[in-house]
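Q: predicted model follows, preceded by the sequence.
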Amino acid sequence: MQNRYSRQTILQNIGDEGQEKLSKSRVIIVGCGALGTAAANNLARAGIGKISILDRDFVELNNLQRQILFDENDVGEPKAIAAARKIKSINSHIDVEPIVKDLNHTNVEEILKDIALVIDGTDNIQTRMLINDVCVREKIPWIYTGAIGTSGMTMNILPEAACIRCLYPSIPKPGSLPTCDTMGVLNTITVIMGSMASTEAIKILLGAVKPENGHDSSLIIYDAWDNSFDKVLVRKNEKCACCADKSFDYLNADDREVISSLCGRNAIQITPADVKDINLRELASKLEHLGSIKCADFILLFKIKKHEISVFRDGRAIIKGTNDEKVARSIYARYIGT
């Protein structure tokens, strides 16, 4: 252990005692895309004792431009599984847990239980609001991070300090925000922001970060193309629906089935209620005479006419080729079941 972390423990900021703290910490990275892979790589090498990696999706060829843990051999494999395998080969002394799920209001409390820190690697504001609800309620620190085009931002959200709803009181209208699909993303900015987030994670785990002015936070904005750096003070809103009024709207949603549009991908994701793990091999045998099938331990790919259906072991499915929820729900019921 001393040889592995010697360049880190010699730092006055960390030392042997700090390294011991890191080795006993449990962090979850929600979303293992460009930001998540950068953070996972850094934290594994830093010796975080347990890293949970949650992602709902699988590796695609266009991910390789910026998602640094993956290579061509990983295409078609669930991101969480591929990332965990790579992380384990980087540091076999830590515990790595892959979670192939969609984080939503039906499972978020169980998944974030006993977590010391949450790192945001997601691609949508709804999931961030949900993370915010649980973390504010349970007093779990989390790090909001995003990147688009050539710029990115990150913000530490600490217990009793300004939360993400102090920054964004409500979710912007669909289509009002740019996405990687519509605007593109420079691969260096995702590595930079992922590294900034993982640095903040280490500082938080070591107790080296506190709210500004007692309850305020800072939003850090960096543009890699212009090489510009800004720091915006986010004041705690004493009327914030979440951290002030303790109204956890995203966590307390009534609908148990979750249907969401995957922005910029012409696809709908369906997460059914109360479905146990399904037998993908058995499902594949039922569908093989209807269209093209590829099946692995964690994912089944089924192509029929103009639609492509990716089915995961937890019953969740991504239906490509439509943005219509009713069409997607019909396809799910027809080929997978109700």
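A: Yep, that arrived.

Q: for the longest helix seen in the chain, what is the average pLDDT?
A: Criterion DSSP state H: the longest helix present in the chain is helix 187-205. The pLDDT scores in helix 187-205 average 97.

Q: how far off centre is that helix?
A: Between the centre of helix 187-205 and the centre of its chain there are 14 Å (C-alpha atoms, centre = their mean, to the nearest Å).

Q: elements contacting that helix?
A: helix 15-23, helix 34-46, strand 117-120, strand 142-148, strand 151-157, strand 217-223 (3 or more C-beta pairs under 8 Å, 6 or more residues apart in numbering; DSSP states H and E). For every residue, glycine as well, the C-beta is placed using N, CA and C.

Q: ok, the third one: who's next to it in the sheet?
A: If I follow you right, that is strand 117-120. Here strand 117-120 has these sheet partners by DSSP bridges: strand 26-30 (parallel), strand 142-148 (parallel).

Q: could you pull up the mean pLDDT of that strand?
A: On average, strand 117-120 scores 98.

Q: give me the buried positions along the following helix or strand past it.
A: The element immediately downstream of strand 117-120 (helix or strand, assigned by DSSP states H and E) is helix 125-138. Neighbour counts over helix 125-138 (16 or more other C-beta atoms under 10 Å) mark Ile125, Thr127, Arg128, Met129, Leu130, Ile131, Asn132, Asp133, Val134, Cys135, Val136 as buried.

Q: now do the contacts for the fourth one.
A: Contacts of Met129 were listed using C-beta atoms under 8 Å, 6 or more residues apart in numbering, and they are Ile164, Arg165, Tyr168, Ile171, Tyr250.

Q: run the last query once more with 6 Å
A: Tyr250 (C-beta atoms under 6 Å, 6 or more residues apart in numbering).

Q: pLDDT at it, what is it?
A: According to the prediction, Met129 has pLDDT 93.

Q: re earlier: same list (the strands paired with strand 117-120) but as CSV, adding mean pLDDT and mean neighbour count.
A: As requested, these are exported to CSV (pLDDT from 0 to 100; neighbours: other C-beta atoms under 10 Å):
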stretch, mean pLDDT, mean neighbour count
strand 26-30, 98, 24
strand 142-148, 95, 24
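
Q: compile these into a markdown table and extend it with columns for distance to Ala44.
A: Formatted as a markdown table, these follow (distance: least, C-beta to C-beta, whole Å):
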| stretch | distance to Ala44 |
| --- | --- |
| strand 26-30 | 10 |
| strand 142-148 | 17 |
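
Q: what about the ones you listed, which gets the closest to Leu206?
A: strand 26-30 (12.6 Å; C-beta to C-beta).

Q: the closest one to helix 34-46, inter-axis angle?
A: Angle of strand 26-30 versus helix 34-46, following axes from the mean of the first three to the mean of the last three C-alpha atoms, to 10 degrees, is 160 degrees.

Q: any idea of the angle strand 26-30 forms with helix 125-138?
A: Relative orientation of strand 26-30 and helix 125-138, computed by the same axes, to 10 degrees: 160 degrees.

Q: not counting strand 26-30 itself, show me its contacts.
A: Contact partners of strand 26-30, identified using C-beta under 6 Å, 6+ apart, comprise 36, 39-40, 48, 50-54, 103, 115-119, 121-122.

Q: ok, back up a step: and the helices and strands packed on helix 187-205 as CSV, adding distance to Ser198?
A: Formatted as CSV, the helices and strands packed on helix 187-205 follow (distance: least, C-beta to C-beta, whole Å):
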stretch, distance to Ser198
helix 15-23, 11
helix 34-46, 4
strand 117-120, 7
strand 142-148, 9
strand 151-157, 10
strand 217-223, 14
